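**Q** structure of the sequence below:
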Amino acid sequence: MYIDHYGFREHPFQMTPDARLFYPSSGHSRAYAHLMYGLAQREGFIVVTGEVGAGKTTLVERLCEELDPQGFVVARIVTTQVSGDDLLRLVADAFGAPADGDKASVLRGVIARLKAADRRHLLIVDEAQALSPAGLEELRMLSNVTEGGRAVLQTILLGQPQLRGLLASPDLDQLRQRILASYHLGGLSREETHAYVEHRMRAVGWIGEPTWEEGALDLVHRYSGGIPRRINRLCSRVLLGGALEQSAVLTAPMVEATALELEEDLGGGGIAPPPMPRRAGLSTAMAGAAADRLEESIEDLTRRLDALERQVNRRERTFNKMMDLLSEISHSGGHR
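**A** Predicted structure coming up:
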């Protein structure tokens, strides 16, 4: 709905990773550099971790677009909690090798496929934090396979922060020694959040309308924590609300009301509420700081209550507009 209203060519904040809309933040640029460095070594493992929605998959989508298909065979798998044997079958299937039979025959088929092509083989494992130690050990064993003195397989592990804890296990010391590059993706900064939103809107035809009111994008950063997927979800809903209200300006109150609406709809998931002040200690030295925090907390609560009131009014206006639209459709149908 808002795509047509604001004249966009397509959805600027879709949830599906799209390399065309890749925004090179400082963190994503460094992560990309780590990926390229790791690939240049032609062996071992590359690890990229980050919160859900931090942009790991989009980063790798961008990498895959840059790789020469004449030089690389790329296989991708998304893991669940599978056994080591089942993971080996997933790898076989991803590279087009036979996945049936016992483990030994599947392994022989994978190795034969890896050695057969002149191109380099790259395995991308998403949601790698779900792998078992046995599954990771199977991947390490595959990394030992060589042809002509060169490794025939490189592996990129993408996962949530828990992956770092998993890789720190004493049982995986040999695999850790094969990790050539590792990077953790954090959230965007306030300035990067501003630039990210405008970058994605320009990419689909935005030429300045709607405009973002001063302070609105600061709230987008505050509520999203700078996580790209949360930014996308919040901005998409703000644009929808703006289109329903036929507004050319996206305001801070609209962002706050929408964030609270999402928090309510998703049960608190997907949108990070503004950080609340920590409870102060009881010492006299901390009394002043405690009073300041309490005042900030009261101000924050007041602002959120105001936003809730605006949200209720906004939903009422939207409901009335929808009823008017349905009435018009009904009348036009009755006169045919």
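**Q** low-confidence ranges in the protein?
**A** The chain contains residues with pLDDT under 70 at 266-336.
**Q** give me the residue at the spatial middle of it.
**A** residue 53 (2.0 Å; CA atoms, centre = their mean).
**Q** now that residue, nearest residue through space, not along the chain?
**A** Counting by CB to CB, 6 or more residues apart in numbering, residue 53 lies nearest to residue 229, which is 2.6 Å off, once chain neighbours are set aside. In this view, the C-beta of every residue, glycine as well, is placed from N, C-alpha and C.
**Q** repeat that for residue 185.
**A** Leaving out its chain neighbours, the residue that sits closest to residue 185 by CB to CB, 6+ apart is residue 50, at 3.3 Å.
**Q** nearest residue to residue 228 in space, please, no chain neighbours.
**A** Using CB to CB, 6+ apart, the nearest residue to residue 228 is residue 55, at 4.8 Å.
**Q** any figure for the gap between that neighbour and residue 211?
**A** 26 Å (CB to CB, to the nearest Å).
**Q** flag every buried residue along whichever strand or helix holds residue 134.
**A** Using DSSP states H and E, residue 134 falls within helix 133-143. Buried positions in helix 133-143, judged by neighbour count with 16 or more other CB atoms under 10 Å: 135-140, 142-143.
**Q** now stretch 241-248
**A** Judged by neighbour count (16+ other CB under 10 Å), stretch 241-248 contains these buried residues: 241-244, 247.
**Q** among the residues you listed, which are located in helices?
**A** When the buried residues of stretch 241-248 are checked against helices (DSSP state H), the matches are 241-244.
**Q** of these, closest to residue 32?
**A** Residue 32 has its nearest neighbour among those in residue 242, at 32.9 Å by CB to CB.
**Q** contacts only, for the closest one.
**A** Shown in contact with residue 242 (CB atoms under 8 Å, 6 or more residues apart in numbering): 2, 6, 210, 249-250, 254.
**Q** just those residues: which are in strands?
**A** 249-250 (DSSP state E).
**Q** sheet partners, orientation included, of the helix or strand containing residue 49?
**A** For residue 49, the host element (DSSP H and E) is strand 45-50. Paired strands of strand 45-50, with direction, are strand 153-159 (parallel), strand 179-185 (parallel) (DSSP bridges).
**Q** highest mean neighbour count out of the ones you listed?
**A** Highest mean neighbour count of these: strand 153-159, a mean of 24 (counted as mean count of other CB atoms under 10 Å).
**Q** quick check: buried residues in the following helix or strand past it?
**A** Counting by DSSP H and E, the element after strand 153-159 in chain order, helix or strand, is helix 162-167. Buried residues in helix 162-167, counted by 16+ other CB under 10 Å: 163, 166-167.
**Q** chain center to helix 162-167: distance?
**A** Here helix 162-167 shows a centroid-to-chain-centroid distance of 18 Å under the convention CA atoms, centre = their mean, to the nearest Å.
**Q** show me what the next helix or strand after it is packed up against.
**A** Going down the chain from helix 162-167, the next helix or strand is helix 173-176, by DSSP H and E. The contact analysis (3 or more CB pairs under 8 Å, 6 or more residues apart in numbering; DSSP states H and E) places helix 173-176 against helix 133-143.
**Q** could you pull out the strands in the stretch 1-150 of the chain for me?
**A** Secondary structure of the stretch 1-150 of the chain, counting by DSSP state E, counting those that start in this stretch: strands at 45-50, 72-78, 120-126, 146-147, 150-151.
**Q** ok, which of these comes nearest residue 180?
**A** strand 45-50 (6.4 Å).
**Q** how about residues contacting that closest one?
**A** By CB under 8 Å, 6+ apart, the surrounding residues in contact with strand 45-50 are 31, 34-35, 38-39, 56, 59-60, 128-129, 139, 143, 154-161, 163-164, 167, 175, 178-186.
**Q** and the helices in this protein?
**A** Secondary structure of the chain by DSSP H: the helices cover 2-6, 26-40, 56-66, 84-94, 103-116, 133-143, 162-167, 173-176, 190-203, 216-224, 228-244, 252-265, 287-334.
**Q** can I get these in a markdown table including distance to residue 15?
**A** Output for the helices of the chain, formatted as a markdown table (distance: least, CB to CB, whole Å):
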| stretch | distance to residue 15 |
| --- | --- |
| helix 2-6 | 15 |
| helix 26-40 | 18 |
| helix 56-66 | 11 |
| helix 84-94 | 24 |
| helix 103-116 | 33 |
| helix 133-143 | 28 |
| helix 162-167 | 22 |
| helix 173-176 | 32 |
| helix 190-203 | 12 |
| helix 216-224 | 14 |
| helix 228-244 | 6 |
| helix 252-265 | 13 |
| helix 287-334 | 23 |
